[in-house]
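Undergrad: Sequence and predicted model, in that order:
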Amino acid sequence: MRKIMFLCTGNSCRSQMAEGFAREFGKETIEAHSSGLTPAGVSPRAIAVMKEIDIDISNQKSKAIDEKLLRQMDIIITLCGHAEALCPMTPPGTKRIHMPVDDPVGTTGTEVEIMNAFRRARDEVKEKVRNLIREIG
């Protein structure tokens, strides 16, 4: 079973979605984790757009990077430039992949526009995680 850590700044949206998708798509092959540089709590909007496609991330927690856990990972995936630049040193033997996704958290406008930004991020994360799982088998 491959251990994967998804990292972004707040561990509130993109990395939470990625963890949820990896748990769903890689049930037999992936042990998925997520964390952030400055954990900000799981976004209620991220939870809502994931529920729209029947993936429940409401029990996931926003977490800071745990260096000990990070050293156990086979693959570390950063989902934003900030995490890519500031992530601790990648442990030897651990593959590191950068899969940037625009952050919907700062989106302004109507609630419909904001939720559409979260859906766009969700769909982009979904495709990237699905492709990743295909690639690593």
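TA: Received, thanks. Given the structure is predicted, the values throughout are model-derived calculations rather than measurements. Numbering: from 1, shown residues only.

Undergrad: helices and strands of this structure: which one has the lowest mean pLDDT?
TA: Lowest mean confidence among the helices and strands of the chain (mean pLDDT, DSSP states H and E): helix 81-86, at a mean of 80.

Undergrad: Partner strands of the helix or strand that comes right after it, with direction?
TA: Remark: after helix 81-86, the chain's next helix or strand is strand 95-98, criterion DSSP states H and E. Strand 95-98 sits in its sheet next to strand 75-78 (parallel), going by DSSP bridges.

Undergrad: Please enumerate the strands of the protein.
TA: Here the chain has its strands, by DSSP state E, at 2-8, 30-36, 75-78, 95-98.

Undergrad: count of residues packed around M5?
TA: 26 (other C-beta atoms under 10 Å). (Each C-beta comes from the backbone N, C-alpha and C, glycine too.)

Undergrad: Bridging across strands, which residues link to it?
TA: H33, I76.
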